[in-house]
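Novice: Quick one, what's the 3D model for this:
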Amino acid sequence: MTKSLKYIFRIIITILFLGTVYFVSKWNKIDIDKNIGKSREVNNLNSKVFDPAFIMYDPAKIRTDLEIFERKGDTVSFNLNITKSLRSDHIYFLNFNSGDGFTGVNLKVSKFGHFFYTSSEYYTDSKSMLDFLESERYTVKKQKLTLDKSQYKKGDSIFGKIELQIKFNPTDSITNSKGYFRSIIE
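Specialist: Numbers count the residues shown, from 1 in each chain. Next comes the predicted model:
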């Protein structure tokens, strides 16, 4: 009986250790800048327009100027939606989406307390039988998130800046992306 308890205890300790290593290696600390909401870059979002290829978005609701590749003047192709977890007051999801209705990319930022993690997902309606063999098109290599405060409630305004180093896997090219954003916690 005691040998099996020792064995179970070791397994639990190993799982906790591996979970801690994963958290420290993937999750980064959020920077706080209380004046980012008043910055010129956030105010410049008012003059941005959506790329005509993305006509499904209302141009009055531009929330971010994030672009993965080259920025084309004042045109924007990403939209932003921020939601609060129903189960916890400390978990938020920032979803940056760019798509034309057929293909696109989602950048999902998961915020937990003072830490965050960014993941990417490419989607398409052109499916094949061997899609499961393909690796993800985009990989986030480095990430930095700056927010105007650390905690929010539903209905609060949120302002921030995200900086990403993204690897485009088909060509192994790496691009640096950054964008400012503003929204309301839904």
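Novice: now what about the longest helix along the chain, what contacts it?
Specialist: In the chain, taking DSSP state H as the definition, the longest helix is helix 2-26. With C-beta atoms under 8 Å, 6 or more residues apart in numbering as the test, helix 2-26 has contacts from Phe115, Tyr117. No exception for glycine: its C-beta is placed from N, CA and C like everyone else's.
Novice: what's the next secondary structure element after it?
Specialist: Counting by DSSP states H and E, the next helix or strand C-terminal to helix 2-26 is strand 28-29.
Novice: in its sheet, what does that following strand sit against?
Specialist: Applying DSSP bridges, strand 28-29 is found paired with strand 115-124 (antiparallel).
Novice: who does the helix or strand following the strand it pairs with touch, helix- and strand-wise?
Specialist: Following strand 115-124 in sequence order, the next helix or strand is strand 138-147 (DSSP H and E). Other elements packing on strand 138-147 under the criterion 3 or more C-beta pairs under 8 Å, 6 or more residues apart in numbering; DSSP states H and E are strand 28-29, strand 31-32, strand 103-112, strand 115-124, strand 157-168.
Novice: For Asn81, which of those strands is the nearest?
Specialist: Of all these, strand 103-112 sits nearest to Asn81, with 10.1 Å by C-beta to C-beta.
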